[in-house]
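[1] what would the 3D arrangement of this be:
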Amino acid sequence: MSRASAGEIPAAQVDSLTLGDHVAGQLVRLGSAVGLKEADAALYAEILVESLGQGARRPLSQPPLSPSFISDDHTPVEFSLALRPDAAPVLRVLAEPGWAAADMEGNGRQGLTVIREMARRWDFSTAQLDRLADLFLPPSAHGPLALWYALELRPGGVPGIKVYLNPAASGPEQAGATVREALRRLGHHKAFAMLPEAAGYPFLALDIGVWETPRVKVYTTHPALSAREACALNRTVPGPGPEDVAAFFHIAAGERPTTGAENGPEARLVRRPALACHSFTEDETGRPSGFTLHIPVRDYVRDDAEALARASALLTRFGTDPSVLDRALAALTTRQLSDGAGLIAYLALAYERGRPLRITAYVSSEAYAVRPPLPYPPGR
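    Numbering: from 1, shown residues only. The predicted structure follows:
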């Protein structure tokens, strides 16, 4: 099913709808759903469209310019909502500014250009990113990404900015060494040794611009993960309680908690793997200050109605009103949630030292296609 956003729009308008029209409209409607002022949302939508370059003017009746890794349908944009008790929802947008480039080298160059334009607009330094450019943006870079950015859409028109880089840019076999060297250059000499054993390192992220405590974040891949193993991934001290991590895992993955009386094997996520993320803010001890567990819920549900039910159960379990997520999904699309599996792509449990646990829902733009419902019950 293509052109998911079409809804009730007349056919003539659908044929002329561009990627920029689509994602800008979604951002403005999402902003309204979370209480962002109209002027702020309009500014952020304009910046998002500008960052996508000429490709933003391409009609959605044509296929995507590149197989962007951000989403299953290759839309180079994803939204997310960070939700915690007794706090306003935080809306974020992730984008691949170099998505229309002919190769990964050009993709990275265009991404750097966009970030430097943002630095001039909001008067912040790119020194940390510049320090890592040769590691993550080499000539003949490997895919599937070069540089992504995320904007945390704050009131007042000045966002928090994160940059995501690919540790496998010089080849998958170099990913671990690249992460280790990047952490060393940024002053976190002990951090790599604190990370859990992993099958891969898909992203390294930097907070740049205006942040109370800027972080360096390292993402790790964990295939065939069980709830018990998920609890053991956390390296923060103190950190989220194992009971909270296990509850999140079971609800998000749709797994029934085991009891001591059961002798069967642990349920594992054998489709798309789970991700963990550790964030580092100080370099004296090397210990991470934050931990996040990401579960790709879209591969473990029949459809988005089931994914929303799980997300709502999680938000209720962790003390947050789930109604904002209902409003957000309605702002993204008019399709029935039972018609696809992928509007809610990931669910995450996030811990940052000194703050309440947060649930984050990563939601897809679906500019080009809706992923069909999965066979039920989906395989683990």
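[2] end-to-end on stretch 207-214?
    One end of stretch 207-214 sits 5 Å from the other (Cα to Cα, to the nearest Å).
[3] what about it, average pLDDT?
    Throughout stretch 207-214, pLDDT has a mean value of 93.
[4] buried set for it?
    Asp207, Ile208, Gly209, Pro214 (16 or more other Cβ atoms under 10 Å). For the C-beta atoms, the positions are set from N, CA and C on the backbone; glycine is no exception.
[5] helices of the stretch 101-250 of the chain, start to end?
    Counting by DSSP state H, counting those that start in this stretch, residue ranges of the helices within the stretch 101-250 of the chain are 104-122, 127-136, 175-185, 227-233, 242-253.
[6] and the longest strand for this protein?
    Secondary structure of the chain read by DSSP state E shows that its longest strand is strand 344-352.
[7] dump that one to PDB, restricted to CA.
    Presented in PDB, the C-alpha positions along strand 344-352 are these (Å, rounded to 0.1, in the frame of the first residue of the first chain):
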ATOM      1  CA  ILE A 344       5.100   2.400  15.700                       C
ATOM      2  CA  ALA A 345       8.600   1.200  14.800                       C
ATOM      3  CA  TYR A 346      10.400   1.000  18.200                       C
ATOM      4  CA  LEU A 347       9.500   1.300  21.900                       C
ATOM      5  CA  ALA A 348      12.300   2.200  24.300                       C
ATOM      6  CA  LEU A 349      12.800   2.300  28.000                       C
ATOM      7  CA  ALA A 350      15.200   5.100  28.900                       C
ATOM      8  CA  TYR A 351      17.100   5.800  32.100                       C
ATOM      9  CA  GLU A 352      19.100   8.900  32.800                       C
END
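[8] any idea of the angle the helix or strand immediately after it in the chain forms with strand 344-352?
    The element immediately downstream of strand 344-352 (helix or strand, assigned by DSSP states H and E) is strand 358-364. With axes from the mean of the first three to the mean of the last three Cα atoms, to 10 degrees applied, the angle from strand 358-364 to strand 344-352 works out at 150 degrees.
[9] which residues are in contact with strand 358-364?
    Outside strand 358-364, the residues within contact range by Cβ atoms under 8 Å, 6 or more residues apart in numbering are 71-73, 75, 78-84, 248, 292, 294, 311, 314-315, 318, 320, 325, 328-329, 332, 342-352.
[10] before we move on, what about stretch 223-233?
    Identification of contacts with stretch 223-233 by Cβ under 8 Å, 6+ apart yields 196, 199, 220, 222, 242, 245-246, 249-250, 253, 255, 257-258, 266-270, 273-274, 276, 291, 293.
[11] could you measure the residue lying closest to Phe192 once chain neighbours are set aside against Ala150, distance?
    The shortest distance from Phe192 to any residue other than its chain neighbours is 4.3 Å, reached at Arg180 (Cβ to Cβ, 6 or more residues apart in numbering). Counting by Cβ to Cβ, to the nearest Å, the gap from Arg180 to Ala150 is 24 Å.
[12] before we move on, what about Leu332?
    Looking at Leu332 against Ala150, where the rule is Cβ to Cβ, the gap reads 17 Å.
[13] which two from the buried residues of stretch 207-214 end up farthest apart in space?
    Farthest-apart pair in the buried residues of stretch 207-214 is Gly209 and Pro214; separation 8.5 Å (Cβ to Cβ).
[14] can you list the low-confidence ranges for the protein?
    Judged against pLDDT under 70, the low-scoring parts of the chain cover residues 1-15, 256-264, 377-380.
[15] same thing but 90
    For the chain, residues meeting the criterion pLDDT under 90 lie at 1-16, 86, 143, 238, 255-267, 282-286, 354-355, 375-380.
[16] tell me where it has strands.
    Counting by DSSP E, the chain has these strands, from start to end: 77-83, 90-95, 147-152, 160-165, 204-208, 216-222, 274-280, 290-295, 344-352, 358-364.
[17] so which of those strands is nearest Gly176?
    Nearest of these to Gly176, taken as Cβ to Cβ: strand 216-222 at 9.9 Å.
[18] packing partners for that closest one?
    helix 175-185, strand 204-208, helix 227-233, strand 274-280 (3 or more Cβ pairs under 8 Å, 6 or more residues apart in numbering; DSSP states H and E).
[19] find the nearest non-adjacent residue to Ala101, please.
    Closest residue to Ala101 apart from its sequence neighbours, by Cβ to Cβ, 6+ apart: Asn107 at 4.2 Å.
[20] can you pull the contacts of the one you found?
    With contacts taken as Cβ under 8 Å, 6+ apart, Asn107 has the following neighbours: Glu96, Gly98, Trp99, Ala101, Ala141, Leu145, Ala146, Leu147.
[21] out of these, who's nearest Tyr368?
    Using Cβ to Cβ, the contacts of Asn107 come closest to Tyr368 at Trp99, 12.2 Å.
[22] and the closest residue to Val216 other than its chain neighbours, what does it touch?
    If the residues on either side of it in the chain are set aside, Val216 comes closest to Phe280, at 4.8 Å by Cβ to Cβ, 6+ apart. Contacts were defined as Cβ under 8 Å, 6+ apart; by that measure Phe280 touches Leu183, His188, Ala191, Arg215, Val216, Lys217, Val218, Gly286, Pro288, Ser289.
[23] what about the fourth one, distance to Leu19?
    When Cβ to Cβ is the yardstick, Arg215 and Leu19 sit 30 Å from each other.
[24] compare those two (neighbour count), which wins?
    Of the pair Arg215 and Leu19, Leu19 is the one with more neighbours under other Cβ atoms under 10 Å, namely 25 against 18.
[25] that one reaches Gly53, doesn't it?
    No. With contacts defined as Cβ atoms under 8 Å, Leu19 does not count as touching Gly53, sitting 10.5 Å away.
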